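Student: Provided below are the primary sequence and the corresponding predicted coordinates.
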Amino acid sequence: MLELNHIHKYYNAGTVNEMCLFEDFSLSIEDGQFVSVVGSNGSGKTSLLNIICGSISVDAGSIQIGGKDITHMPEFKRQQRIGRVYQNPAMGTCPSMTILENMSLADNKGKPFNLRPGTNRKQVDFYREQLSRLGLGLEDKMDVKVGVLSGGQRQAMALLMSTMTPIEFLILDEHTAALDPKTAEIIMELTDQVVREKHLTTIMVTHNLRYAVEYGNRLLMMHQGKAVMDQAGEEKGAVKVEEILEKFNEISVECGN
Amino acid sequence: MSIVIGILEEGLIYAVMALGLYITYKILDFPDLSVDGTFPMGAAVTAALILKGIHPALTLVLAFLAGAAAGCATGLIHVKLKVRDLLSGIIVMTALYSVNLRIAGRANVPLFSKESIFNNALPAKLPDGLAPYSAILILLVIVAFCKICLDLFLKTRAGYLLRAAGDNEVLVTSLAKDKGAVKILGLALANGFVALAGAIYGQKTGYFEISSGTGVMVMGLASVIIGTKLFQRISFVKATTAVIFGTIIYKACIAAAISLGMAPSDLKLITAALFLVILVVTSRKERRVKIHA
């Protein structure tokens, strides 16, 4: 169970440009839930993810995982239980290292980074098998540097790498936004597979309303730091793209754009 | 012939330093100026310890550790106090000037009469034909040892993490590791190598001189860039090997400039000019597409 309690977050606090993003924002996510988050630009979607991961701090309020307070835990320590895939496919891999080395890095998450060999030869077949699931032929290019791969290939690897070791939460930050429609589809299918297989609690920010409706069992629409729509379970199953779009337009009219 | 020997000797000494700069500049992408202070620091440590009667080979190890400590200082200033990378290096470099004077006692310390790794009973035991090359042989062993150690380290888990830190800091955080700690480790290792080179230089020339570090960073970077650019298309030459060849080529260029009539006092001018030429020729813009796909 992930809980955000009474979060307050201001940008440029104390200046004329002070902007309040979250004011008394609370949210709780059950274990095993797959939450799709939609909302206009600047509505606080990515900030929400950053607050959960610890990339940005909060001004007031607390964040708890399974009842344990992690509000002041540094970002890198929280990542022990979190896998994160970014919008930019380059953020999840090391371009100047080979596919094999990248897979090894991901496999060593949670283990001490000491003087033992970086690549465990016994694991190579396992990496091959994992890569072959992507259907991109990467399993035959183990010694190719990741920097020469396409965005879609890198994003597929990033997804694989972030979920290779046991984690509890998967944070997806518009992870299909930079990909062409077909690749986006493949990555989305793969995401769903991995989430089901590993029973991950997932939060996915997306601008693709269809993905938000099709995938996941809870839908959240953010607007000006508030959840203006929050539907889970059967309610969520009944939601159609048109409904969200309508709600979206309502919000936008309120804003005057 | 003596010119070639001179180039090889100097090239091999500075190659140890270039290996260090390869870590900060190429792997970590960190412009580390503290190098200008850690190079004479190595010489100061070795001079002070040899005068105290400690075995010359052991002083090399201690010089490495002293350099590593200075590298840690640069890293801590940058990571913990959030000072910009260039400035952290400048702060440590400036402070080290005084620290080095403290260690050595004064600005010039001659070691000619003392036993060193070059000046001992060993060359006499070599066959006659090899005697003039004894220094080169000793240096080759040291350089090969350093290179192999670095190569092996870069293949360990810690080495992978170091490479990842320079490539994509975000990934290091995603792996639940503190990227700051990785940077500090890299800077410590790099400055360890630089101080080791300084110590070898001190033993080879037979004296400690406070200003011997001026411009070594530029010299080292030039060597790293020459090496990695020249050999980047030849896949079987490892980057560390390329850096060593780069240093020797660089030293040959300097020697050529001097033999063409430049005065030894123009050395730093040649160093700077040559570095500029290398930077322009290899065009900085193609360097690293960074992490933006």
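Tutor: Looks like it arrived, so ask away. Numbering: from 1, shown residues only, chains lettered A, B, ... in the order given.

Student: Strands of the chain, start to end?
Tutor: Assuming you mean chain A. Using DSSP state E, the strands of chain A run over residues A:2-11, A:19-29, A:34-39, A:60-65, A:68-69, A:82-85, A:169-173, A:201-205, A:218-223, A:226-232.

Student: I was after chain B.
Tutor: B:108-110, B:207-209.

Student: Go through those and name the closest to chain A.
Tutor: Closest of these to chain A is strand B:207-209, at 33.2 Å (criterion: CB to the nearest CB). Where you see a C-beta, it was placed from the backbone N, CA and C, and this is true even at glycine.

Student: Figure out how far that closest one is from the centre of its chain.
Tutor: 17 Å (CA atoms, centre = their mean, to the nearest Å).

Student: for stretch B:145-162, same thing?
Tutor: Per CA atoms, centre = their mean, the centroid offset for stretch B:145-162 relative to its chain is 16 Å.

Student: who touches it?
Tutor: For stretch B:145-162, the surrounding residues in contact (CB atoms under 8 Å, 6 or more residues apart in numbering or on different chains) are A:97, A:101, A:104-105, A:108, A:111-119, B:16, B:19, B:23, B:27-28, B:163, B:172, B:175, B:177, B:182, B:185-186, B:189, B:193, B:196, B:238, B:240-241, B:244.

Student: buried ones in that stretch?
Tutor: Using 16 or more other CB atoms under 10 Å in any protein chain shown as the test for burial, stretch B:145-162 gives B:Cys146, B:Lys147, B:Leu150, B:Leu154, B:Lys155, B:Thr156, B:Arg157, B:Ala158, B:Gly159, B:Tyr160, B:Leu161, B:Leu162.

Student: I'd like to know which of the residues you listed are part of helices.
Tutor: For those, the ones inside helices are B:Cys146, B:Lys147, B:Leu150, B:Leu154, B:Arg157, B:Ala158, B:Gly159, B:Tyr160, B:Leu161, B:Leu162, with DSSP state H as the criterion.

Student: Give the single residue among the residues you listed positioned nearest to A:Ala60.
Tutor: Checking these against A:Ala60 by CB to CB gives B:Leu161 as the nearest, at 35.0 Å.

Student: what's the spacing between that closest one and B:Lys177?
Tutor: 6 Å (CB to CB, to the nearest Å).

Student: In this structure A:Val228 contacts A:Met222, no?
Tutor: Yes - A:Val228 is within contact range of A:Met222, at 7.2 Å (criterion: CB atoms under 8 Å).

Student: and the stretch 101-250 of chain B, which residues reach chain A?
Tutor: B:153, B:155-161, B:163-164, B:167-168, B:170-179 (CB under 8 Å from any CB of the partner chain).

Student: which stretches of chain B aren't confidently modelled?
Tutor: B:283-293 (pLDDT under 70).

Student: Counting residues, name the longest helix you see in it.
Tutor: helix B:179-205.

Student: what packs against that one?
Tutor: Judged by 3 or more CB pairs under 8 Å, 6 or more residues apart in numbering or on different chains; DSSP states H and E, helix B:179-205 is in contact with helix B:2-21, helix B:35-51, helix B:56-79, helix B:134-154, helix B:157-167, helix B:169-174.

Student: any idea which of these is most buried?
Tutor: helix B:35-51 (a mean of 29; mean count of other CB atoms under 10 Å in any protein chain shown).

Student: Just want the angle from it to helix B:179-205.
Tutor: 50 degrees (axes from the mean of the first three to the mean of the last three CA atoms, to 10 degrees).

Student: Run the chain-centre distance for helix B:35-51.
Tutor: That offset, for helix B:35-51, works out to 13 Å (CA atoms, centre = their mean).

Student: Using CSV, write out the CA atom coordinates for that helix.
Tutor: Extracted C-alpha coordinates of helix B:35-51, given in CSV (Å, rounded to 0.1, in the frame of the first residue of the first chain):
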residue,chain,number,x,y,z
VAL,B,35,45.3,16.9,-11.3
ASP,B,36,47.7,19.9,-11.5
GLY,B,37,48.0,19.6,-7.7
THR,B,38,48.0,15.8,-7.2
PHE,B,39,50.8,15.2,-9.7
PRO,B,40,53.4,17.2,-7.7
MET,B,41,51.8,15.7,-4.6
GLY,B,42,52.9,12.3,-5.6
ALA,B,43,56.4,13.6,-6.1
ALA,B,44,56.3,15.4,-2.7
VAL,B,45,55.2,12.3,-0.9
THR,B,46,57.8,10.1,-2.5
ALA,B,47,60.6,12.6,-1.8
ALA,B,48,59.6,13.1,1.8
LEU,B,49,59.4,9.3,2.4
ILE,B,50,62.6,8.4,0.6
LEU,B,51,64.5,10.9,2.7
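
Student: Could you give the number of residues near residue 221?
Tutor: In the absence of a named chain, chain A is used. 23 (other CB atoms under 10 Å in any protein chain shown).

Student: think we crossed wires, I meant chain B
Tutor: 23.

Student: quick one on the thing from earlier: and the ones in helices among the buried residues of stretch B:145-162, which is closest to A:Leu138?
Tutor: Using CB to CB, B:Tyr160 comes nearest to A:Leu138 of these, at 18.8 Å.

Student: I'd like to know how far that closest one sits from A:Lys109.
Tutor: 11 Å.

Student: Buried ones in the lowest-mean-pLDDT helix or strand in chain A, by neighbour count?
Tutor: Across the helices and strands of chain A, mean pLDDT, DSSP states H and E gives its lowest value to helix A:241-255, namely a mean of 77. Within helix A:241-255, the residues scored as buried using 16+ other CB under 10 Å are A:Ile244, A:Lys247, A:Phe248, A:Ile251.

Student: got CSV for the residues you listed, with distance to chain B too?
Tutor: As requested, the buried residues of helix A:241-255 are exported to CSV (distance: CB to the nearest CB, whole Å):
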residue, distance to chain B
A:Ile244, 30
A:Lys247, 33
A:Phe248, 29
A:Ile251, 31
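
Student: so can I have JSON lines of these showing distance to A:His207?
Tutor: Listed next are the buried residues of helix A:241-255 as JSON lines, based on distance: CB to CB, whole Å:
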{"residue": "A:Ile244", "distance to A:His207": "11"}
{"residue": "A:Lys247", "distance to A:His207": "15"}
{"residue": "A:Phe248", "distance to A:His207": "11"}
{"residue": "A:Ile251", "distance to A:His207": "14"}
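
Student: What are the boundaries of the helices in the stretch 51-200 of chain A?
Tutor: Counting by DSSP state H, counting those that start in this stretch, the stretch 51-200 of chain A has helices at residues A:75-78, A:99-107, A:124-132, A:151-162, A:181-198.

Student: tell me the mean pLDDT over the fourth one?
Tutor: Over the span of helix A:151-162, the pLDDT mean works out to 93.

Student: what's the angle between that helix and strand A:169-173?
Tutor: 160 degrees.

Student: Which elements pack onto helix A:151-162?
Tutor: On a contact count with 3+ CB pairs under 8 Å, 6+ apart, helix A:151-162 meets strand A:82-85, helix A:99-107, helix A:124-132, helix A:181-198.

Student: Packed most tightly, which of these would that be?
Tutor: strand A:82-85 (a mean of 26).

Student: hmm, back to that, wait, which of the strands of chain B is closest to A:Ile203?
Tutor: strand B:207-209 (59.8 Å).

Student: what's next to the closest one, contact-wise?
Tutor: Outside strand B:207-209, the residues touching it (CB under 8 Å, 6+ apart) are B:40, B:43-44, B:46-47, B:104, B:107-112, B:202.
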